[in-house]
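Q: Turn this into a model:
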Amino acid sequence: MSKNGRVLVAMSGGIDSTVSAVMLHDQGYEVVGITMKTWDYASSGGGKKETGCCNLDSFNDARLAAVQHGFPHYILDIREEFGSHVVENFIEEYLAGRTPNPCVLCNTHIKWAALLKRANALNCDFIATGHYVKVREENNRYVLSKARDLTKDQSYVLWGLEQECLSRSIYPLGDLLKTEVRQIALDMGYPELSKKAESYEICFVPDNDYRGFLKRNVPGLEERVDNGNFVLTDGTIVGQHRGYPFYTIGQRKGLEVALGRPVFVTAIQPDTNTVVLGDAAELQQSEMWVDGLNMVKYATITEGMEAVARIRYRDPGTLAILSPEGTGVQVRFSHSVNSIAPGQSAVFYEGDDVIAGGIIRKGY
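A: Numbering: from 1, shown residues only. Next up is the predicted model:
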């Protein structure tokens, strides 16, 4: 029996998860490695070969590290749960005129649920991943916070982890810089991992063409939505588009409409297959409404609570005032923000700590 306990480590075969697993093993944990197969690229119909977390080479790399360090490794097939939840939601959100964030949904509702279930079956005390975040216990709550390496911080995509998940999670890389992780991989004898490219694509859209994915997976979509109207805010028709699901808020390129000035997608109206265009100023909004909240640092959001709100992964954040409203929260920014996209995640911070997160439903 290990002095630190038994930990189930999610291993993708990449540098971060491999270093995490070996670090925990060296620290005296009883490590069990697990690799999750979420998707078959062949089933997506794209032309690109499998890359990233769902290919045979990655499985073999993860298993090899486990064998070399003497701990067990399993492959967990979660394609059915992944497809029925993450992929169907991805399609439904675009058909509803919103811009989904499937990685958030996958992390919080599929991968961690699968990890906890298997951890219980294998009598593991903890689960661990190679994400760049920190977690601590404070005031009887488990608090998710930003990693030391802010360029790699992944707290934005993990806002949906509930208290049970956080209470059993270990993140070995939270206090490390990426450069330090690469050096550790070299010191461990994994020079190939220190040079391994990282993938930032959606795993089930390997060619990074979500429009093509929708066309291949929604029968008759192109015929159904083709030749809708581009309109200005006042309703003036200025052209025809190729289908409202193929556009996103803030998009400028690929509109194929000439108005003599730059225009952007400012709204999407699925009921009428309409895409609204406007100037850059029309993308600026000072409020939004967010629901589907997961509370992290505090149990509730109180009237007038201050927070820094991030509306996309690379967003540095904007100071805002939060007010409970219905099933969600109204967010009033200290100054206007650009391109609030319904369907994306909003994450609220107090310093480095995640207060809560949710899904943007509308901006105004």
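Q: For the stretch 251-364 of the chain, give me the ranges with low pLDDT.
A: Counting by pLDDT under 70, the stretch 251-364 of the chain contains no low-confidence range.
Q: hmm, 90 instead?
A: Scanning the stretch 251-364 of the chain with the threshold set as pLDDT under 90 gives 256, 258, 364.
Q: What segments of it are helices?
A: Here the stretch 251-364 of the chain has no helices by DSSP state H, counting those that start in this stretch.
Q: so who does S58 touch?
A: By CB atoms under 8 Å, 6 or more residues apart in numbering, the contact list for S58 reads S12, G13, G14, T35, G52. (Each C-beta comes from the backbone N, C-alpha and C, glycine too.)
Q: separation between V19 and V331?
A: Applying CB to CB, to the nearest Å, the value for V19 to V331 is 37 Å.
Q: Then M23?
A: Relative to V331, M23 is positioned 38 Å away (CB to CB).
Q: of those two, who's got more company?
A: Counted by other CB atoms under 10 Å, M23 and V331 do not tie: V331 has more neighbours, with 26 against 21.
Q: need the longest helix for the chain.
A: Ranked by residue count under DSSP state H, the longest helix found in the chain is helix 56-69.
Q: just to revisit the earlier point, farthest-separated two in the contacts of S58?
A: Farthest pair in these (CB to CB) is T35 and G52. Separation: 12.0 Å.
Q: The stretch 151-300 of the chain: strands as residue ranges?
A: Taking DSSP state E, counting those that start in this stretch to define them, one finds strands in the stretch 151-300 of the chain at 169-170, 228-232, 237-241, 264-269, 274-278, 284-295.
Q: of the ones you listed, which approaches S84 most closely?
A: Closest of the strands of the stretch 151-300 of the chain to S84 is strand 284-295, at 18.9 Å (criterion: CB to CB).
Q: quick one: strands adjacent to the closest one?
A: Its sheet considered, strand 284-295 pairs with strand 328-338 (antiparallel), strand 353-363 (antiparallel) by DSSP bridges.
Q: what distance separates the first one from the centre of its chain?
A: What separates the centre of strand 328-338 from the centre of its chain is 21 Å, taken as CA atoms, centre = their mean, to the nearest Å.
Q: S334: how many residues sit nearby?
A: S334 sits with 13 neighbouring residues when counted by other CB under 10 Å.
Q: so what's it closest to, chain neighbours aside?
A: Take S334 and drop its neighbours on the chain: the residue closest to it by CB to CB, 6 or more residues apart in numbering is L319, 4.3 Å away.
Q: who touches that neighbour in this structure?
A: Counting by CB under 8 Å, 6+ apart, L319 touches E306, A307, V308, A309, F333, S334.
Q: go with 7 Å
A: Counting by CB atoms under 7 Å, 6 or more residues apart in numbering, L319 touches E306, V308, S334.
Q: now it, which residues is it bridged with?
A: Applying DSSP bridges to L319 gives these bridge partners: V308.
Q: gap between it and C165?
A: Using CB to CB, L319 is found at 29 Å from C165.
Q: Same check on K134?
A: K134 is 14 Å from C165, where distance means CB to CB.
Q: about what we covered before: how about the strands of the stretch 151-300 of the chain in TSV, adding mean neighbour count and distance to I355?
A: Shown next, in TSV, are those (neighbours: other CB atoms under 10 Å; distance: least, CB to CB, whole Å):
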stretch	mean neighbour count	distance to I355
strand 169-170	22	18
strand 228-232	19	38
strand 237-241	15	38
strand 264-269	20	29
strand 274-278	21	32
strand 284-295	18	8
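Q: any chance of these in JSON lines, with distance to W159 too?
A: Formatted as JSON lines, those follow (distance: least, CB to CB, whole Å):
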{"stretch": "strand 169-170", "distance to W159": "14"}
{"stretch": "strand 228-232", "distance to W159": "34"}
{"stretch": "strand 237-241", "distance to W159": "33"}
{"stretch": "strand 264-269", "distance to W159": "24"}
{"stretch": "strand 274-278", "distance to W159": "29"}
{"stretch": "strand 284-295", "distance to W159": "6"}
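Q: Nearest to S194 among these would be which one?
A: Using CB to CB, the strands of the stretch 151-300 of the chain put strand 169-170 closest to S194, at 22.5 Å.
Q: partner residues bridging the residue nearest to A299 when sequence neighbours are not counted?
A: Closest residue in space to A299, ignoring its immediate chain neighbours: R141 at 7.3 Å, by CB to CB, 6+ apart. With DSSP bridges as the criterion, R141 is bridged to E138.
Q: tally of neighbours for R141?
A: Residues near R141, counting by other CB under 10 Å: 15.
Q: Next: E138.
A: E138 has 10 neighbouring residues, counting by other CB under 10 Å.
Q: can you check N60 too?
A: 12.
Q: Identify the residue nearest it in space, chain neighbours excluded?
A: Of all residues not flanking N60 in the chain, G13 sits nearest, at 7.3 Å (CB to CB, 6+ apart).
Q: Am I right that the one you found sits in a helix?
A: No - judged by DSSP: H, G, I helix; E, B strand; the rest coil, G13 forms no part of a helix; its state is coil.
Q: That one is in contact with D61, isn't it?
A: Yes - taking contacts as CB atoms under 7 Å, G13 lies within contact range of D61: 3.7 Å.
Q: ok, and what's touching stretch 174-189?
A: Contacts made with stretch 174-189 from outside it, assessed by CB under 7 Å, 6+ apart, are listed as 15-16, 19, 22, 132-134, 147-149, 152, 173, 193-194.
Q: CSV for these, including pLDDT, distance to N273 and neighbour count?
A: CSV is the format used below for these (pLDDT from 0 to 100; distance: CB to CB, whole Å; neighbours: other CB atoms under 10 Å):
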residue, pLDDT, distance to N273, neighbour count
I15, 94, 45, 23
D16, 96, 42, 25
V19, 97, 48, 26
V22, 96, 53, 24
Y132, 98, 41, 25
V133, 98, 40, 24
K134, 98, 45, 19
A147, 98, 42, 22
R148, 98, 47, 15
D149, 98, 44, 17
K152, 96, 40, 18
L173, 98, 45, 28
L193, 82, 47, 22
S194, 74, 49, 17
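Q: Before I go, just wanted to say thanks for your time.
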